[in-house]
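Engineer: This is the structure alone, sequence omitted:
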Ligand code: ADP
Ligand code: MG
């Protein structure tokens with residue numbers, strides 16, 4: 001695939017007024033009018049100072065995705081030689097470091113920032129000279145850089161603003177893990193860190209955990225290989241089990257103006273949540289599941305098709321047989337049984353040509369591994385943050401359970417099937433009932449006291 005095919009729909013004018021004009025001039029001189037996808041998607045986050053993981057295949061333009069914002073940042077901060085090193089770029093090989101350095105050189109045309117290439121095989125004395133004078137941007141291989149950090153006194157990186165781990169997968173393949181750990185331990189922790197890689201596996205993820213701040217932005221544009229359609233924005237939210245109701249409440253509020261499908265793993269769960277959100281929170285909700293009469297199902301189905309906005313609470317089985325036209329949001333409140341079902345569920349949105357849609361799956365902190373599991377199936381999720389869960393709705397539900405026998409019965413049944421679905425989940429290692437605090441899980445159904453769950457003890461299900 002050529003770079004051409006990787007270009008985004010934006011133009012570099014998206015940076016007008018935001019990035020130094022000299023950088024924009026250079027891009028023009030290079031004949032680059034449009035950013036590539038990774039550039040278009042990563043640049044805004046990087047410019048906000050966020051830590052970021054950028055996943056895009058080789059040749060997709062990752063180098064400029066980090067060089068543009070880094071050069072701009074140091075320029076705006078007024079870096080001069082006396083400030084020492086403001087940015088370090090780690091590359092796996094001398095050749096790749098040299099390549100990056102060449103792009104950097106072009107970008108620095110007419111700009112007074114100092115830079116140097118520090119790689120193994122060159123004379124160390126030459127490096128020391130550059131470091132002593134002050135090099136604002138350093139492109140380096142890990143071994144030699146660590147050597148200087150440990151041994152070169154005149155190497156001043158107290159003002160370091162940014163660390164870039166480029167080609168992280170190759171860095172790890174080349175066995176640089178220890179060097180990188182050493183480097184990180186010697187750098188100021190108050191910095192922005194960006195990690196780029198063609199592929200993201202568990203090792204790259206653990207490097208990211210070590211080097212980056214918690215909850216980095218994840219941008220993945222390997223979408224031509226993706227199992228889900230291009231117009232689909234999909235992500236996950238991490239939420240503890242006791243905050244599930246506030247989370248759903250907030251989610252429904254956020255997507256109020258859209259058409260939303262919310263997936264549950266059992267009819268009883270649909271019944272309880274439907275009753276609570278419809279009758280007690282006043283939300284625009286419809287529901288469909290296999291235990292309803294045919295006429296009620298049809299009616300709900302038709303109403304949802306006709307509606308401009310609102311939510312449909314459903315189970316997988318009920319949804320599968322229905323030809324529901326594209327919806328805007330897919331919310332997976334209960335986990336799918338496997339990646340196939342995940343793909344099935346999100347397939348309800350962003351259908352047809354140029355259609356857009358969004359999807360979010362709710363996971364407990366213990367279940368975050370499902371994201372890597374999906375990645376193996378070529379489904380790439382971004383991490384969404386959701387902020388504070390609203391307390392009021394939880395309090396309201398807890399009061400309701402005490403006062404209202406009907407809701408309490410629905411809640412109890414839903415709670416039991418929720419646990420049962422976990423207990424019989426095919427991906428036991430990820431959706432593991434043993435890692436679940438049953439008392440806290442009961443809060444997700446409004447119970448202050450945990451209802452009796454005999455089936456967890458006896459074999460009866
Ligand atoms: P990666 O690091 O993702 O492997 P590079 O940053 O080395 O990719 O870029 C690959 C090629 O794409 C380079 O030749 C580069 O000059 C070119 N390129 C980068 N950005 C653009 C752009 N916005 N428009 C056109 N070509 C670009
Ligand atoms: Mg590269």
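Structural biologist: Ah, there it is. Computed from a predicted structure; not experimentally measured. Ligands and ions are numbered 1, 2, ... in the order given.

Engineer: alpha carbons only for contacts and neighbour counts from here, please
Structural biologist: Will do.

Engineer: elements contacting the helix ranked longest in the chain?
Structural biologist: For the chain, the helix that runs over the most residues, judged by DSSP state H, is helix 405-423. Applying 3 or more C-alpha pairs under 8 Å, 6 or more residues apart in numbering; DSSP states H and E, one finds that helix 405-423 contacts helix 267-274, helix 391-403.

Engineer: Save those helices as TSV, and put in mean neighbour count too.
Structural biologist: Shown next, in TSV, are those (neighbours: other C-alpha atoms under 10 Å):
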stretch	mean neighbour count
helix 267-274	23
helix 391-403	16
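
Engineer: Format the ones you listed as a markdown table; extra columns: mean pLDDT and distance to ligand 1.
Structural biologist: Output for those, formatted as a markdown table (pLDDT from 0 to 100; distance: least, C-alpha to the nearest ligand atom, whole Å):
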| stretch | mean pLDDT | distance to ligand 1 |
| --- | --- | --- |
| helix 267-274 | 96 | 45 |
| helix 391-403 | 96 | 44 |
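
Engineer: got those as a markdown table, with distance to residue 198 columns?
Structural biologist: Putting those into a markdown table (distance: least, C-alpha to C-alpha, whole Å) gives the following:
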| stretch | distance to residue 198 |
| --- | --- |
| helix 267-274 | 41 |
| helix 391-403 | 41 |
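
Engineer: Of all those helices, which one comes closest to residue 94?
Structural biologist: Among those, the nearest to residue 94 by C-alpha to C-alpha is helix 391-403 (54.3 Å).

Engineer: circling back: identify the residues contacting the longest helix of the chain?
Structural biologist: 265-266, 268-272, 275-276, 400-402, 428, 431-433, 441-442, 445-446, 451, 453, 461 (C-alpha atoms under 8 Å, 6 or more residues apart in numbering).

Engineer: Buried residues, that helix. List them.
Structural biologist: 407-408, 410-423 (16 or more other C-alpha atoms under 10 Å).

Engineer: Farthest-apart pair in those residues, please.
Structural biologist: Pairwise over the buried residues of helix 405-423, using C-alpha to C-alpha, the maximum falls at 407 and 423, 24.1 Å.

Engineer: and of the buried residues of helix 405-423, the nearest to residue 135?
Structural biologist: residue 422 (55.4 Å).

Engineer: How about the contacts made by the closest residue to residue 267 other than its chain neighbours?
Structural biologist: For residue 267, ignoring the flanking residues on the chain, the nearest one in space by C-alpha to C-alpha, 6 or more residues apart in numbering is residue 289 at 5.7 Å. Applying C-alpha under 8 Å, 6+ apart to residue 289 gives the contacts 267, 270, 297, 314, 315, 317, 318, 319.

Engineer: And the helix or strand in which residue 24 is found, what's buried?
Structural biologist: Assessed by DSSP states H and E, residue 24 sits inside helix 21-29. Within helix 21-29, the residues scored as buried using 16+ other C-alpha under 10 Å are 23, 24, 26, 27.

Engineer: Dihedrals phi and psi, residue 384?
Structural biologist: Dihedral angles of residue 384 (phi, psi; degrees, to the nearest 10) stand at phi -100, psi 140.

Engineer: who does it bridge with?
Structural biologist: With DSSP bridges applied, residue 384 shows beta-bridge pairing to residue 237.

Engineer: gap between it and ligand 1?
Structural biologist: To ligand 1, residue 384 is 24 Å away according to C-alpha to the nearest ligand atom, to the nearest Å.

Engineer: Tell me, how many residues neighbour that residue?
Structural biologist: Residues near residue 384, counting by other C-alpha atoms under 10 Å, number 18.

Engineer: Is it correct that it is in contact with residue 234?
Structural biologist: No: if you go by C-alpha atoms under 8 Å, residue 384 and residue 234 don't touch, sitting 9.2 Å apart.

Engineer: Tell me the pLDDT of residue 230.
Structural biologist: On pLDDT, residue 230 comes in at 67.

Engineer: Sorry, slip of the keys, the one I care about is residue 374.
Structural biologist: pLDDT, residue 374: 92.

Engineer: again with residue 295
Structural biologist: 83.

Engineer: Just give the number of residues close to it.
Structural biologist: 9.

Engineer: Surely residue 148 touches residue 156?
Structural biologist: No: Residue 148 is not in contact with residue 156 according to C-alpha under 8 Å; the separation is 10.3 Å.

Engineer: Mind putting the contacts of residue 289 into JSON lines with secondary structure?
Structural biologist: Formatted as JSON lines, the contacts of residue 289 follow (DSSP: H, G, I helix; E, B strand; the rest coil):
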{"residue": "267", "secondary structure": "helix"}
{"residue": "270", "secondary structure": "helix"}
{"residue": "297", "secondary structure": "helix"}
{"residue": "314", "secondary structure": "strand"}
{"residue": "315", "secondary structure": "strand"}
{"residue": "317", "secondary structure": "helix"}
{"residue": "318", "secondary structure": "helix"}
{"residue": "319", "secondary structure": "helix"}
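
Engineer: for these, which one is nearest ligand 1?
Structural biologist: Of all the contacts of residue 289, the one with the least separation from ligand 1 (C-alpha to the nearest ligand atom) is residue 319, at 40.1 Å.
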